[in-house]
Structures are given as structure tokens and as C-alpha cells.
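Undergrad: Using only what follows, build the 3D model:
(chains A, B, C and D)
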Protein chains: 2
Amino acid sequence: MDKILVPADDTVHGTVTLEDVARVAGVSRATVSRVVNGKATVAPALRKSVEKAIAAMGYVPNLAARSLVTRSTGSIALAVSDMSAGQIFFDPFFGRVVNGVTQAVRPRSVQLVLALVDDEPSRRQLLSFLRQGHVDGVILVSTHADDPLPAELARAKVPAVLAARPPEPLPLSFVEVDQRAGVFLAVDHLVALGHTRIATVTGPQDSSSGRERLAAFRERLAHHDLSESGCAEGDFTQVSGAAAMRTLLERAPDTDAVFVASDLMALGAVTVLHRAGRRIPQDLALVGFDDSSIALACDPPLTTVRQPVEAMAAQLAELLLEQIISPQYPQSRIFQPELIVRDST
Amino acid sequence: MDKILVPADDTVHGTVTLEDVARVAGVSRATVSRVVNGKATVAPALRKSVEKAIAAMGYVPNLAARSLVTRSTGSIALAVSDMSAGQIFFDPFFGRVVNGVTQAVRPRSVQLVLALVDDEPSRRQLLSFLRQGHVDGVILVSTHADDPLPAELARAKVPAVLAARPPEPLPLSFVEVDQRAGVFLAVDHLVALGHTRIATVTGPQDSSSGRERLAAFRERLAHHDLSESGCAEGDFTQVSGAAAMRTLLERAPDTDAVFVASDLMALGAVTVLHRAGRRIPQDLALVGFDDSSIALACDPPLTTVRQPVEAMAAQLAELLLEQIISPQYPQSRIFQPELIVRDST
DNA sequence: GTGAAAGCGCTAACAC
DNA sequence: GTGTTAGCGCTTTCAC
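TA: Below is the predicted model:
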């Protein structure tokens, strides 16, 4: 009884139960539960005294107990599946995803569980974690095309949404940027500026975005009756961008413009260009992809194709949350990219 | 009964319970529980048949039920508290923290819940989340010195560890890099190179690391009988680093070396220097702090003070996990930084 | 070594 | 409107 004297702030969770509150407030557990969950059907007077008791006792509901009966946890997982998931945060792109998802779920008091998957054991661990029902669903950011995870999620019937179109059709909702339109924007811009010797630094060709961007690049060049001046593959890292640029400089020295498939790789390319004494954009123009914070870190600031990542991430959360509330047919949402012209072209 | 025929892969979590497994294996729930939790006291024959039933039925334990009785969840929170928590991932520093923590908890099958705190509501939300016991503890990365969160965590008696020394003494374990030693390394290096007109771009002075680095900078300069050539405050962002560098160039044009309190700010400074036609390191030498991936993104690659962030993050997880298993006296661990000499000095 | 039984704290019918 | 009651699926004494 003297628990009432204990200030709420000092209360260790789990000490005070619904039952305790009910006893003190002189009502039943059900009534307290109704008040806690904001159900309308409680007389103002009772509600008042329950609220008082709750405050006085520092009552905090036990999530495990609640979730045991409601079969929902109030949290979702954000899984990043990549061979080098540990390096993933070096690309500000992922920070934007985390941020977008966080902002979207916050008003609903949904928590985010972060899972980095970079090998077989960690994949199994994630799968079993999901099956144990510790989260209500999962947003999967999977970068390589042969990742078995999307298919496994579909089979496991875990509510899931993907941050990209799956390589093969899967009964899963996904969100994507119109890669093709984005690349067209970049190429058209370069062509309009009068460039004719256009090369590209591609993303890894075992990732769908890497592949799609390269295909679109070639398609658009052909559309303009141009052939590619050069092509070097990177893996979306800065170092690989630098290496690819060096290759290009060597193999196709007369290139006058380069479409680089990510801003981070473009940053690597910029450094190589500086060292080689090539001025940007006078000697060589550069267009990136993403419009992450890295685009502004380039010198000169990078012209790039903007993906509305935050909005896409929010949409991802949206789709998942809907899916969780009531199972529905998989849906997809395509976002349009935008060309951001800065000083590198 | 024909559940046995259902392939494990198709099993939706929650369908099969301990009880079901027990019935099929012809044992009691207690025995199944023992097998699942790897208790030794089970006859090999029974264990065998239980395992068979589990596999056949695709049984997955229900975490909520388990956690209701064990009062532990198998997950911890990583909370980032900052006015601009959303921007936090633009600094690769935080990626390293996430990565270090992830790697450390993975072998123990502990999950990571990410919480970004950037305003009053989100702070209250985190606090109540922690009190509800949905995680067993929290690692707090708090950047500003007047953050009430550390004290609140201590009062709430939530197992917690801090990624930096708290401004005022608190009964909480923490991990930190020896800021002073790191700055000394940087200053001594510059002095040894013959620089005498040394300025600094500081971190925000409402953050402890920002303050400590500035204080150490001045202390070490004095030790060498030097006075600072200039001082401009940034907020650890690239943009602020650029602005601060511009200020310095204007107010103290004869500066021949600058200690910049973070790599990201140094990146901003580099750009400004290029534009101003100052060569690095011939006209002006630059030393950063952190050794994040940004240091290599600089042109020239940045000499910087390396914080062993991954190791620190792992230690943080370690301390928290120990704390959770058995409450102990708060401990602190100090890590030694290291000077990484590259081409900017 | 194994099983029976008692809850963990909560929600949701269902009566009143 | 409000209380009573019956579990949710699991772990864990405590007998056997």
C-alpha cells in the first residue's frame, strides 16, 4: 500500500501491475485496461480515479503480457541484406532510409528493430527472429539480385515489403524509383549540353539497380544515336568509383562526360579527375545518382538524379503497416526521380 | 494431427505451441521446454523424439510468452539523442557505432532496437518504451551536454550505458576515447612539422566532445608556448566546417595549420581551401578527428586522430549485457586514440 | 529424469 | 458501464 508514496520516477518497470492499480482505484482490472487503452466506455469519475492511481503508482503496462494476448508487438524490423552490410552506413543513402522509416513510424509509436544481414548465419537468425513473432513485419532493403531472403520471407508468410522490385515476381509489396526515367534524365541533360563522348561508371552488376541503370544508359544513348564512350563497373563504394574512373581515363581518354551510377562513386571519381588535372565540368562533365549528402561534398557540387528516398521509405512503412493491420494484395509504388543540376555539368 | 504433414517452411508463427509439440512427442510441456532451452537433464531418447517433433511441426517459440515469465526480451535499444538525430547518419561516425554494436551482440542473438530522439515527445516515447520493458537495456549516444536523458535513465533504473562521459557524475557505465590524448597527438604532430600559426575548427560547444577537444587544443598549444592563430566553431557537419574555415581564412589569413575537430567538418574545410587556392599541405596543413571513411574522401587524404569506434561500441554492448545479467557498479573504459598520418600534413 | 500445476500480466468475451 | 472469467504460451518449482 505504501507503494502510493513511491514517486513514479523511481518505479522500476514490472513492479506495478494492472491488478495493483485496480485495487487502489477500487475498480476491476478490465476497467483499468479500458482506461489504459483509451476505450470510450468508462464513466468519467472512474476514469479519473484510475488515472490518478496510475500516475501515483507509476504504472507501466507490460508489453510482453499485452503482446501475448493481442499477438502484436508494436514494432517492425528494418533489415539490410548485403554482402557487406557493415559498410552500408558509409553510404548516406541508407541513413536517409533509416530516417524516412523512423519519421513515418514515430507518430504510431511503432519501434524499429535494425537487422544487418551479411552472411548465412545472420540470415537464418533474422528468419527465426521474424518467425518468433518479435516484430509484426519487416522492411527489407536487399541490394543483390540473387538474395534468397525476399523469397524466404514470402514463403514464411511474414508481413514484408521490399525497398526495390524483386528480381522475380513475388507476392510482396515493394517501392521503387523509376530507375529508367532517372537515367534518361541524366543522359538527356548531358546530350543537351552537347556532350557526345559519354561514358558510365556502373553499379555492381549483381544488383538490380546496378543493372537497370546500365541498361537504361545504353538504351538512352542509342536513342540519341550515340554509342558509349566507355564503361567501368564499380560496387557503389567511393573506392570503386575512383578505380573505375581511372580505368575510364586510361581506356577512353577522350570522354567528355560520365554518368556515375551513385553519388558516392562520383565522389571517388572527382578525386581522380582532380589528380589527373581534368577540370569539372570544362574538361569533363559528371552526373551522379541519388542526391545524397555526398553530392554536396563533391567539388564542384554534383549534378545528380534525386531519388525521393525519405518519401519512399515512409511509403514502405505505410505499406507494411497496412499489411499488418489487414492482409492485402501486394502493391507497388513507383516514385519519379528528379534531376538536380549543380556545377559538375 | 495432420499438422505433422505441413512443411516447416509454410508454418506461420504462433500456430504450433509447446503443447502441440509435447502431445506429438508424447511428453510433457516441461520436457519440450527443457529441450528447447538446452537444459541438460533430458534423456537422449526423449530429446531425440522432441527434436523430431519440433522439426516436423516447424515449431517456433513465442517470444512474448517466454519474455512474460523470464522478464527478459533478448533485445537492447541503441538510442541516439541529438537535436538533429535525423541528420546523424550523414556522419559515417554513427555508422561505425551501429556496426560495432551489431557485431558485438550478434553472437549472443541479441536484437537491436534503434531509437532516434530529437525532441521532447520522442524522448518521452523512448522513456516509456524502456519502462515497458520491451528491451533489456539501452546504449545511449547523446551528443549534447545538457541532455536530460542520461539522468532520466539513471533514475528510471533502466540498465543503460553511455557512449561518452556524462557531464555530471551519474551511476551509469560509459565508454570514451581519451579526447585529450587525441588532441595532443594532433597538435604535437603539427608542431613537430614546424607549424607555429595553428588554428582550430571546434565542435559545438554545447557538446562535451566539442568542449573537451577545444580545451585540450589550447592546453597543448600553451604547453608548446604557442597561442592559437584562430578559432571558429562548427557543429560537426560538413557545411559548418566549410563556414568555419571561411571565417578562419578571413580572420587569420596567416594560419599555417588547422586542427579540425571532426573529419566531416574537415571535408567541408578542404573544399573551401581548394576554392581559396590554398594548397594542402604546402600552404596549410590539416588534421582531423575520428578517422571515419570521410578522411579518405578528402583530397588529399586526411591526417587524422583515429578513434577505435567499433571496439568502443563493442565494449559498450559488452558492458550493457553484463549489467543486464547481473547489476553491477558502473564502470568506465577509456580507449586510446591513434594518429593516422596521411597527406594533409 | 519427468510430469503436474501454478502462475507471469494482460485483453476480450460475456454476463450483469 | 462495469465486473467476472477464461485463457494467450511459456517457464519453473515441486513432487514423483
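Undergrad: Need the pLDDT of the spatially most central residue of chain A.
TA: The centroid of chain A falls nearest to A:Val97 when counting by CA atoms, centre = their mean (3.2 Å). In this model, A:Val97 is scored at 91, pLDDT.
Undergrad: After the strand or helix carrying A:Ile76, which helix or strand is next?
TA: A:Ile76 is part of strand A:75-81, with elements assigned from DSSP states H and E. Using DSSP H and E, the helix or strand that follows strand A:75-81 in sequence is helix A:92-105.
Undergrad: now the angle from the following helix or strand past that next one to helix B:92-105?
TA: Using DSSP H and E, the next helix or strand after helix A:92-105 towards the C-terminus is strand A:111-117. Inter-element angle recorded for strand A:111-117 and helix B:92-105: 80 degrees (by axes from the mean of the first three to the mean of the last three CA atoms, to 10 degrees).
Undergrad: Check what contacts the next helix or strand after strand A:111-117 and list those residues.
TA: The element immediately downstream of strand A:111-117 (helix or strand, assigned by DSSP H and E) is helix A:120-131. Helix A:120-131 has contacts (CB atoms under 8 Å, 6 or more residues apart in numbering or on different chains) with A:77, A:79, A:81, A:85, A:115-117, A:135, A:138, A:148-149, A:152-153, A:156, A:158, B:11, B:13, B:60, B:106, B:109, B:111. (Each C-beta comes from the backbone N, C-alpha and C, glycine too.)
Undergrad: Just the buried residues from these, in ChimeraX please.
TA: Buried residues within these, by 16 or more other CB atoms under 10 Å in any protein chain shown, are selected in ChimeraX with:
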select /A:77,79,81,85,115,116,117,135,138,149,152,153,156,158 /B:11,13,60,106,111
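Undergrad: Report the residue spans of the stretch 51-200 of chain A with pLDDT below the cut-off.
TA: Residues of the stretch 51-200 of chain A meeting the criterion pLDDT under 70: A:85-86.
Undergrad: tell me which parts of it are close to DNA strand C?
TA: Within the stretch 51-200 of chain A, the positions adjacent to DNA strand C are A:Tyr59, A:Pro61, A:Asn62, A:Ala65, A:Arg66, A:Leu68, A:Val69, A:Thr70 by CB under 7 Å from any atom of the strand.
Undergrad: restrict those to contacts with DNA strand D.
TA: Among those, the ones lying near DNA strand D by CB under 7 Å from any atom of the strand are A:Ala65, A:Leu68, A:Val69.
Undergrad: and the strand holding A:Ile76 with chain B, contact?
TA: Yes: judged by CB under 8 Å from any CB of the partner chain, strand A:75-81 and chain B are in contact via A:Ser75, A:Leu78.
Undergrad: hang on, the earlier thing: and chain B, which of the ones next to DNA strand D among the residues of the stretch 51-200 of chain A next to DNA strand C contact it?
TA: Intersecting these with the contacts of chain B gives A:Ala65, A:Leu68 (criterion: CB under 8 Å from any CB).
Undergrad: those helices in chain A, which residues are they?
TA: Along chain A, counting by DSSP state H, helices occupy A:18-25, A:29-36, A:44-57, A:63-70, A:92-105, A:120-131, A:149-156, A:179-192, A:208-223, A:238-251, A:263-275, A:294-297, A:309-325.
Undergrad: The last one near chain B anywhere?
TA: No: with CB under 8 Å from any CB as the threshold, helix A:309-325 lies outside contact range of chain B, at a closest distance of 9.0 Å.
Undergrad: just checking, what packs against that helix?
TA: Packed against helix A:309-325 by the contact rule (3 or more CB pairs under 8 Å, 6 or more residues apart in numbering or on different chains; DSSP states H and E) you find strand A:75-81, helix A:92-105, strand A:138-142, strand A:160-162, strand A:173-177, strand A:332-335.
Undergrad: what's A:Ile340 in contact with, if anything?
TA: Here A:Ile340 is in contact with A:Asp291, A:Ala295, A:Thr303, A:Thr304, A:Val305, A:Arg306 (criterion: CB under 8 Å, 6+ apart).
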